[in-house]
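[1] Return atomic coordinates for the entry below.
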Amino acid sequence: VSQKGIDLIPDGTRALVASGRLRLAILGTGEQQLERAMRDLAAEFPGRVTARIEYDGELARLIMSGSDALRMPSRYEPCGLSQMYAQRHASLPVARRTGGLADSIDDGITGFLFNESNVSSYRQAVQRALAIHQHPQLLAAMRCRAMGAGFFWRHAIEPYDALYRQLLGERREVRLLI
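    So this is what the prediction gives:
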């Protein structure tokens, strides 16, 4: 859907796919015009771009396990889970700096972030991700950091626990069970 910024992908990756520097696997369903754009991109670059317009959780995990990066150019993303799944599979997310994506991706450490929701900003992030492949030790270090990123409920809950304690003035015992 347009919220996910998928419309940035064709123009943001076309030149890189044409140059042979990038292959792209697309999986998912959504708005018809975006599905059509993904099919058109696959038809334009057979063997370099594959588009499966369906939902398949198992195939998504296999793609993440076999990919170098996950594209997530969301215009807004309150939380987002796909970037965390990708990181666990050593697939570095390329995502817009928004919401939960900004919270769960350390730019240049566990993935790549870009600021503006436009083709130019997205393309620059993709090029940064590709440039890392020229430095295998750095790429391996980023993958290890991404795989080891700790996403635990206690990290989300502890700041609230501290706030509640402060507001209550430590007058009462407050325990949040995790």
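
[2] Can you show me the strands along this protein?
    24-27, 49-52, 69-72, 92-96, 112-114 (DSSP state E).

[3] Switch those over to CSV; also include distance to Leu138, mean pLDDT and mean neighbour count.
    C-beta coordinates here come from the backbone N, C-alpha and C atoms, glycine included. Output for those, formatted as CSV (distance: least, CB to CB, whole Å; pLDDT from 0 to 100; neighbours: other CB atoms under 10 Å):
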stretch, distance to Leu138, mean pLDDT, mean neighbour count
strand 24-27, 23, 97, 18
strand 49-52, 27, 97, 19
strand 69-72, 14, 96, 22
strand 92-96, 11, 97, 27
strand 112-114, 13, 98, 23
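
[4] Distance to Gly5 added to the ones you listed, as TSV?
    Shown next, in TSV, are the strands of the chain (distance: least, CB to CB, whole Å):
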stretch	distance to Gly5
strand 24-27	13
strand 49-52	16
strand 69-72	8
strand 92-96	6
strand 112-114	10
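
[5] looking at these, which is closest to Gln137?
    strand 92-96 (14.7 Å; CB to CB).

[6] which one of the strands of the chain lies closest to Ile9?
    strand 69-72 (6.3 Å).
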